[in-house]
Structure formats: C-alpha cells, structure tokens
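Student: Below are the sequence and a predicted model for it; my questions follow.
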Amino acid sequence: MRFRGQEYTGKGVTVAVIDSGINPDDPRLRGIKVDGWSINLKATGHATLSPHFLDDNGHGTDIAAAIVAMAPGVNLVAIKIMDEGLRTSADLMAAGIETAYKHGSHIINLSLGTPNMGKALLLREACANAVESGAVVLAAAHPKRERAYPADLPETVGVATHNECPLDKVYYYSPARFSRADWGNLSDKYLTHGYEWRDGRRGAFKGTGHATAYLSGRMACLREALIGEPATAVVDVMRELALTPVPELGYA
C-alpha cells in the first residue's frame with residue numbers, strides 16, 4: 001500500500017484472524033509467520049486455550065490469504081473459535097477479541113458477527129478494551145443490511161461490500177453526510193470489494209467477510225506507517241484516504 005510517498009507491506013504488524021483457524025501450509029501464506037490458539041468455553045463460562053488452530057473448514061485460511069494479499073509483510077495470529085460447520089457464539093467472539101489484544105495483536109479481524117443485541121454490551125466491552133490497548137478492531141457488517149455486532153459498535157470499524165465495488169476503491173459512509181435515515185445500518189461503515197482475489201485478478205464474489213479482510217490488510221499497512229499512534233488515529237487516517245460514495249453505490 002502506498003502512503004505518503006512510500007510503500008508499506010504491514011511489516012512487523014500482527015493481525016489476529018478470529019475465525020475457523022488457519023492452515024499455515026496453504027501456498028497463499030508461504031513465508032508468513034502464523035501462530036495461534038483454539039478457544040473453548042467450559043460449562044462454567046471460562047475460556048480455555050489450546051495451541052491447536054488448524055483450520056477445519058477453510059474459511060479462516062481464505063480470510064488470512066485475503067489479508068496477506070494486501071499486506072504481505074504481516075504476522076498472523078489464528079484465533080480459532082469456529083467448528084468445521086462455522087458455528088460459534090458471541091461469548092467466543094468476545095473471548096477471541098480479548099485473547100488477541102492481550103497477546104499483542106495490532107489489528108483484529110472478525111469476518112463474522114451476531115444480530116443478538118443482548119450480546120452487544122459484552123462485545124462492546126471487549127472491543128473498547130482492545131482499542132484502549134492500541135488495537136484496531138474490524139468486523140463484517142450484516143450482508144442483508146441488518147444490525148450486527150461488533151460491526152455496529154462505535155469502537156469498531158464496520159465493513160460492508162457491494163458486488164459492483166471496484167477492487168482498488170474504499171468508500172466511507174460518514175454519518176455527517178449519510179445519515180441512518182438515508183442509509184440505515186450502512187452509515188458509519190466502510191465499503192470495499194468482497195471478491196476472491198488471486199494474482200491480482202478478480203474471481204468469485206465472497207461478500208463482507210472478504211471485504212473486511214482486505215481492509216484489515218490496508219489497516220496493517222497504515223499501522224506500520226503510523227507506528228506509535230493510537231488506534232483511533234489510524235482509523236481517522238483511513239477515513240481521510242477513503243472516497244465519498246455516490247448514491248448509486250447501494251448495499252446489496
């Protein structure tokens with residue numbers, strides 16, 4: 001990513017992928033350092049960590065590859081909270097966010113969310129603590145324009161997509177210009193492409209999960225460029241870099 005006349009690759013930046021795990025032997029991740037854990041919740045509600053983070057589904061590996069496509073210099077931390085059927089819970093999401101920032105992750109990627117408003121406070125506390133620690137939390141918006149957490153929390157960067165969004169563009173729907181009355185839950189979100197991207201070419205449309213991963217890669221590059229700045233400053237710069245959308249760019 002080019003920023004202020006220099007190229008950045010996310011070198012030295014740690015990105016946590018809270019998902020179904022990562023397969024470190026995937027050829028798209030060749031040369032990338034991958035560490036991680038698997039999180040399980042006991043009957044008492046306590047989280048336990050194990051070092052086994054191998055992806056049973058492939059989704060988390062795809063997300064990791066999308067991040068690396070934008071930021072080939074990053075280190076990855078796999079935080080496995082999903083089973084092979086991609087089932088998880090808001091409690092595991094919160095535990096994943098806490099694990100990520102407590103182990104030094106600079107960027108936290110969640111290509112998932114929950115519509116359960118009853119869990120919003122739990123997730124907000126986890127995200128607020130992550131931001132206070134210096135991490136940027138990115139989360140996928142609901143694909144049908146409904147409420148989703150943590151994407152709709154003020155502490156996170158919510159990411160949406162559209163099947164006509166160009167590969168090289170990032171838009172920002174500022175509430176000052178696009179109110180919720182006009183744009184609903186799209187307001188205060190970034191909009192970027194959600195395609196599978198291999199060798200610089202656009203493939204199948206993958207949706208908000210991939211869009212979040214691509215923006216996480218860009219954020220990692222900015223984090224490298226703005227080392228020492230608080231998380232909120234990095235987000236502010238991304239807002240300045242993003243384009244203002246036109247009304248024709250909707251939310252599909």
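Tutor: That came through, no problem. Numbering: from 1, shown residues only.
Student: ok, the nearest residue to Ala128 once chain neighbours are set aside - contacts?
Tutor: For Ala128, the nearest residue in space outside its immediate sequence neighbours is Glu155; the separation is 5.0 Å by CB to CB, 6 or more residues apart in numbering. Every C-beta, even on glycine, is put in place using the N, C-alpha and C of the backbone. If you count contacts by CB atoms under 8 Å, 6 or more residues apart in numbering, Glu155 has them with 124, 127-128, 130-131, 137.
Student: Do you have the helices of the stretch 151-252 of the chain handy? List them.
Tutor: In the stretch 151-252 of the chain, helices defined by DSSP state H, counting those that start in this stretch lie at 180-183, 208-225, 231-241, listed in chain order.
Student: Relative to His52, which of the ones you listed is closest?
Tutor: Across those, His52 has its closest neighbour in helix 208-225 (22.5 Å, CB to CB).
Student: what's the distance between that closest one and the middle of its chain?
Tutor: Here helix 208-225 shows a centroid-to-chain-centroid distance of 7 Å under the convention CA atoms, centre = their mean, to the nearest Å.
Student: Dump stretch 210-229 to PDB, keeping only the CA atoms.
Tutor: Taking Å, rounded to 0.1, in the frame of the first residue of the first chain, the C-alpha atoms of stretch 210-229 are listed here in PDB:
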ATOM      1  CA  HIS A 210     -13.500 -10.900   2.400                       C
ATOM      2  CA  ALA A 211     -14.200  -7.100   2.300                       C
ATOM      3  CA  THR A 212     -13.300  -6.900   6.000                       C
ATOM      4  CA  ALA A 213     -10.100  -9.000   5.400                       C
ATOM      5  CA  TYR A 214      -8.900  -6.700   2.600                       C
ATOM      6  CA  LEU A 215      -9.500  -3.600   4.700                       C
ATOM      7  CA  SER A 216      -7.600  -5.300   7.600                       C
ATOM      8  CA  GLY A 217      -4.700  -5.700   5.300                       C
ATOM      9  CA  ARG A 218      -4.800  -2.000   4.400                       C
ATOM     10  CA  MET A 219      -5.100  -1.100   8.100                       C
ATOM     11  CA  ALA A 220      -2.000  -3.200   8.800                       C
ATOM     12  CA  CYS A 221      -0.100  -1.200   6.300                       C
ATOM     13  CA  LEU A 222      -1.200   2.100   7.900                       C
ATOM     14  CA  ARG A 223      -0.400   0.700  11.300                       C
ATOM     15  CA  GLU A 224       3.200   0.100  10.100                       C
ATOM     16  CA  ALA A 225       3.300   3.700   8.700                       C
ATOM     17  CA  LEU A 226       1.800   5.200  11.800                       C
ATOM     18  CA  ILE A 227       3.800   3.200  14.400                       C
ATOM     19  CA  GLY A 228       3.200   4.700  17.900                       C
ATOM     20  CA  GLU A 229       0.000   6.400  17.000                       C
END
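Student: Report the buried residues of that stretch.
Tutor: By 16 or more other CB atoms under 10 Å, the buried positions in stretch 210-229 come out as 210-226.
Student: try stretch 188-198
Tutor: Using 16+ other CB under 10 Å as the test for burial, stretch 188-198 gives 188-195, 197.
Student: do stretch 232-248 as well
Tutor: By 16+ other CB under 10 Å, the buried positions in stretch 232-248 come out as 234-235, 237-238, 242, 245.
Student: same deal with stretch 141-150?
Tutor: Under 16+ other CB under 10 Å, the buried positions of stretch 141-150 are 141-143, 147-150.
Student: Which ones among these map onto strands?
Tutor: Applying DSSP state E to the buried residues of stretch 141-150, no entry is found in strands.
Student: of these, closest to Ala95?
Tutor: Here the nearest of the buried residues of stretch 141-150 to Ala95, counting by CB to CB, is Pro150; it sits at 13.1 Å.
Student: give me every residue that touches the closest one.
Tutor: Taking CB under 8 Å, 6+ apart, we find Pro150 in contact with 93, 97, 110, 113, 120, 123-124, 126-127, 137, 139, 156.
Student: If anything else comes up later, I'll come back, but that's it for now.
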